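Participant: 3D model of this:
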Amino acid sequence: MQASNMDKEELMSQVKQQIALANAQEMLSKITKKCFKKCIQRPGKALDTSEQRCISQCMDRYMDTWNLVSRTYGNRLQREQHGNLEAVDMPN
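Facilitator: Below you'll find the predicted structure:
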């Protein structure tokens with residue numbers, strides 16, 4: 001039985017890693033599209049200084065926002081799980 005539980009835990013860990021990778025790829029794709037559309041007026045062989053600065057700031061803001069939303073969501077999940085555990089542990 002223990003081996004089966006460990007196999008399930010390992011499988012769940014791999015699935016979580018794959019989901020995290022897919023989320024990171026999606027975020028990179030969104031950043032690229034949104035920041036390119038916002039910052040690049042005339043595509044050419046190279047970015048000028050203002051385009052480079054715009055891209056950098058756009059990516060920084062997007063990452064900061066992504067991290068804030070992720071932390072907030074994670075905290076909310078923890079609070080909800082903690083609340084559910086307390087409800088289960090309370091005597092009737």
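Participant: Using the three-state scheme, assign residue 47.
Facilitator: Assigned by DSSP: H, G, I helix; E, B strand; the rest coil, the conformation of residue 47 is coil.
Participant: ok, it - contacts?
Facilitator: Residue 47 sits next to 40, 55 when contact means CB atoms under 8 Å, 6 or more residues apart in numbering. Just so you know, the C-beta spots here come from the backbone N, C-alpha and C atoms, and that holds for glycine as well.
Participant: For residue 70, see how far away it is.
Facilitator: According to CB to CB, to the nearest Å, residue 47 stands 29 Å off from residue 70.
Participant: Summarise which helices and strands the helix or strand where residue 77 lies is packed against.
Facilitator: Using DSSP states H and E, residue 77 sits within helix 49-89. Here helix 49-89 touches helix 2-39, going by 3 or more CB pairs under 8 Å, 6 or more residues apart in numbering; DSSP states H and E.
Participant: give me the low-pLDDT residue ranges for this structure?
Facilitator: 1-3, 84-92 (pLDDT under 70).
Participant: Let's see that with 80 instead.
Facilitator: Within the chain, the segments meeting pLDDT under 80 span 1-6, 82-92.
Participant: and residue 4, how many neighbours does it have?
Facilitator: Neighbour count of residue 4, defined by other CB atoms under 10 Å: 8.
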